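Visitor: The sequence and its predicted three-dimensional model are supplied below.
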Number of protein chains: 2
Amino acid sequence: MATTAKESTRERILDIALELFTEHGYDKTSLRDIAERLGTTKAALYYHFKSKADILLELHLRLHDIGRVLLEELDAYQTGVERAAAWPTIINRFIDEVAANRELVALHQRNQNALEDLHNSERHRAANEDMEQQFRRLLSSPDIPVATRVRMACSFGAVISGMLTGDLFVDIDTDELTAHVRQAVGDLFR
Amino acid sequence: MATTAKESTRERILDIALELFTEHGYDKTSLRDIAERLGTTKAALYYHFKSKADILLELHLRLHDIGRVLLEELDAYQTGVERAAAWPTIINRFIDEVAANRELVALHQRNQNALEDLHNSERHRAANEDMEQQFRRLLSSPDIPVATRVRMACSFGAVISGMLTGDLFVDIDTDELTAHVRQAVGDLFR
DNA sequence: GTCTATATAGGGATAGAC
DNA sequence: GTCTATCCCTATATAGAC
């Protein structure tokens, strides 16, 4: 977040990629596109990243960092029941993160299949396997009522849909939108 | 839906494409992949469709048909307030449609950027412009409280997320899942 | 309606100079 | 750290025979 005045080239590449990948999609964004916007050439990118997928991976890991923090917090609780009880709190934190990282979330929403290929990357597997499996286990916990688990799944989409459709609510700012989403999602758990 | 015993080649191509586009993504699915699965060659596809994008367009229009029906129903009401009041009912119908067309919905969820390119297609513009604008207008109606509009947006994502994460709830079938989602989403409007 | 063969283009990636 | 030049591959799409 701390955008230093003197930003490293690597950082600038990531910023540009985030923008282009989000707007035009990962597959339709060529390295040439990124290089052009950066004011350099394709080959230069290869000094900083070993492949196109590597750029995407780096961006993906940013979201990983966010998710990991939340899941760790959830992991502090032992039983599924306790975790389900903590969920509303976690979701609230999640809402804040989405608000603070809208473009990053949008990138993930619109490039799901491109992101899936990263699963075969070694570097990603390590970071991911825990997290994803942990998440799956949570949603399949037999000691949480199905109704509750379904609501957990729903809340996820509700947050993203509510926060990212924000362009339509021209009349309100992010803070207000966040508050509304928080309230709406809160009602899913009562 | 009516899968006739003697299915036209065109229909089979669409079915295969739906499957491959959904699983591997539109961009990473080549016409060769489709042709192979069909037991024929690339060139043969061009007899039935004028381009790859045209195949995607055809699939997209199937979802259009569903959306149009729902929006028309909503359009029967005059004011934003009345429409907001009718929303829960519409959403319930939407849930049924998602349940009945899971793969089609998944296709759209995972290929958002590919689908965006269709907006430049003539054939699509006509069918789409009405619908999309109508939808945008609904979510920006000044006579509907913002809180309600945000909830409408949230409900959308909640349905999709709830219904499509269904693979995780191995212990319940579609009907039960549908019922739970219906209840959860219903709570967004009280 | 389906084939073979081919045109054409664009993308990712590498080599090697500077 | 960045450039030029180039390799190589795969993809869409078309032409024209059967």
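Guide: Arrived safely, thanks for sending.
Visitor: biggest helix in chain A, by residue count?
Guide: helix A:52-75 (DSSP state H).
Visitor: wait, does it make contact with chain B?
Guide: No - judged by C-beta under 8 Å from any C-beta of the partner chain, helix A:52-75 and chain B are separated, with a smallest distance of 12.1 Å. Heads up, the C-betas are built off the backbone N, CA and C, glycines and all.
Visitor: where does chain A have low pLDDT?
Guide: For chain A, applying pLDDT under 70 flags the ranges A:1-6.
Visitor: Can you report how many residues lie near residue A:188?
Guide: Per other C-beta atoms under 10 Å in any protein chain shown, the neighbour tally for residue A:188 reads 23.
Visitor: What of residue A:17?
Guide: 25.
Visitor: Chain neighbours aside, what residue packs nearest to it?
Guide: Leaving aside its chain neighbours, residue A:17 sits nearest to residue A:55 (5.0 Å; criterion: C-beta to C-beta, 6 or more residues apart in numbering or on different chains).
Visitor: so that neighbour makes contact with residue A:13?
Guide: Yes - using C-beta atoms under 8 Å, residue A:55 makes contact with residue A:13 at a distance of 6.8 Å.
Visitor: returning to what we had before: identify the residues contacting the longest helix of chain A?
Guide: The contact list for helix A:52-75 (C-beta atoms under 8 Å, 6 or more residues apart in numbering or on different chains) reads A:13-14, A:17-18, A:21, A:26, A:31, A:34, A:45, A:49, A:83, A:86-87, A:90, A:93-94, A:97, A:101, A:104-105, A:107-108, A:111, A:114-115, A:117-118, A:121, A:123-124, A:127-128, A:131, A:134-135, A:138.
Visitor: do you know how far residue A:57 is from DNA strand D?
Guide: For residue A:57, the distance to DNA strand D equals 19 Å [C-beta to the nearest atom of the strand, to the nearest Å].
Visitor: So the helix or strand residue A:178 falls within, near chain B or not?
Guide: Secondary structure assigned from DSSP states H and E places residue A:178 in helix A:174-186. Yes - counting by C-beta under 8 Å from any C-beta, chain B has neighbours in helix A:174-186: A:176-177, A:180-181, A:183-185.
Visitor: the domain parsing of chain A - what is it?
Guide: As recorded under automatic domain parsing, the domains making up chain A are A:1-49, A:51-188.
Visitor: Could you identify which of those domains is most buried?
Guide: Of all the domains of chain A, domain A:51-188 has the most neighbours on average by mean count of other C-beta atoms under 10 Å in any protein chain shown, namely a mean of 17.
Visitor: to the chain's geometric centre, what's the distance from stretch A:30-39?
Guide: Its chain's C-alpha centre and that of stretch A:30-39 lie 24 Å apart, by C-alpha atoms, centre = their mean, to the nearest Å.
Visitor: returning to what we had before: could you redo the domains of chain A as JSON lines and give each row distance to residue B:189?
Guide: Formatted as JSON lines, those follow (distance: least, C-beta to C-beta, whole Å):
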{"stretch": "domain A:1-49", "distance to residue B:189": "31"}
{"stretch": "domain A:51-188", "distance to residue B:189": "9"}
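Visitor: Would you tell me which of the ones you listed gets closest to residue B:157?
Guide: domain A:51-188 (2.4 Å; C-beta to C-beta).
Visitor: sec struct for residue A:10, please.
Guide: Recorded secondary structure, residue A:10: helix (DSSP: H, G, I helix; E, B strand; the rest coil).
Visitor: Can you tell me how far residue A:184 is from residue B:74?
Guide: 20 Å (C-beta to C-beta, to the nearest Å).
Visitor: Please disregard the earlier target; I meant residue A:137.
Guide: Between residue A:137 and residue B:74 the computed distance is 40 Å (C-beta to C-beta).
Visitor: With residue A:170 instead?
Guide: Per C-beta to C-beta, residue A:170 is found 21 Å from residue B:74.
Visitor: And the helices in chain A, which stretches?
Guide: Using DSSP H, helices in chain A cover A:9-24, A:31-38, A:42-48, A:52-75, A:80-100, A:102-110, A:112-116, A:122-140, A:146-164, A:174-186.
Visitor: anything in the fourth one sitting right up against DNA strand C?
Guide: Put plainly, it is helix A:52-75. Yes - contact of helix A:52-75 with DNA strand C (C-beta under 7 Å from any atom of the strand) involves A:52-53.
Visitor: coming back round to it: quick one: common contacting residues for residue A:55 and residue A:13?
Guide: With C-beta under 8 Å, 6+ apart as the test, residue A:55 and residue A:13 both reach A:34, A:45, A:49.
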